[in-house]
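A.B. asks: Here's my sequence, what's the structure:
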Amino acid sequence: MRTLCASTLIGEFFVIGFAGLVAMKDPHLTTGTVWTVSGIAMALCVLLCGVLTRPGGIQLGWALQIVLIASGFFVPTMFFMGAVFAGLWWASVHYGRKIDEAKARFAAAEGTEEGSPA
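C.D. replies: Next comes the predicted model:
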């Protein structure tokens, strides 16, 4: 699960950076504000890659998805991109858990076969 979720977060890192470039065109937003918010969100993406397996890591990822969708109020395209990445996040969590369970089953089956007498 960690690999799939981390891949999604790294993709979001780049999308947030590009959204920051688009947001700079808004005359109501200052450059400092745009890059402070974008920089914090980008740093969170990278930091979340390291805490995915800890308690609350997945929930923090969901919070980031909500913030990404809400950023559509400043960059309207982010409503769509946020929804796409929320879907990718769901798929990463859902299918990642299934893959982890399958790996555990295969490892357990392989361990019992190796331990049996010949």
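
A.B. asks: Check the offset of the helix or strand containing residue 90 from the chain's centre.
C.D. replies: In the assignment (DSSP states H and E), residue 90 maps to helix 77-115. Its chain's C-alpha centre and that of helix 77-115 lie 13 Å apart, by C-alpha atoms, centre = their mean, to the nearest Å.

A.B. asks: low pLDDT regions in the protein?
C.D. replies: 113-118 (pLDDT under 70).

A.B. asks: ok, now how distant is residue 37 from residue 30?
C.D. replies: From residue 37 across to residue 30, the span is 11 Å (C-beta to C-beta, to the nearest Å). All C-beta spots, glycine's among them, are computed from the backbone N, C-alpha and C.

A.B. asks: quick one: which of the two has more around it?
C.D. replies: Using other C-beta atoms under 10 Å as the criterion, residue 37 and residue 30 rank with residue 37 on top: 18 against 11.

A.B. asks: host element of the more buried one?
C.D. replies: Going by DSSP H and E, residue 37 is in helix 31-51.

A.B. asks: swap in residue 16?
C.D. replies: Counting by DSSP H and E, residue 16 is part of helix 2-23.

A.B. asks: Now do that helix: which elements does it pack against?
C.D. replies: Applying 3 or more C-beta pairs under 8 Å, 6 or more residues apart in numbering; DSSP states H and E, we find helix 2-23 packed against helix 31-51, helix 57-70, helix 77-115.

A.B. asks: Which residues does that helix contact?
C.D. replies: Applying C-beta atoms under 8 Å, 6 or more residues apart in numbering, the contact partners of helix 2-23 are 29, 34-35, 37-38, 41-42, 45-46, 48-49, 52-53, 58, 61, 64, 68, 71, 74-75, 77-78, 81, 85, 88-89, 91-93, 95-96, 99.

A.B. asks: ok so, going back, elements contacting the helix holding residue 90?
C.D. replies: Helix 77-115 packs on helix 2-23, helix 57-70, going by 3+ C-beta pairs under 8 Å, 6+ apart.
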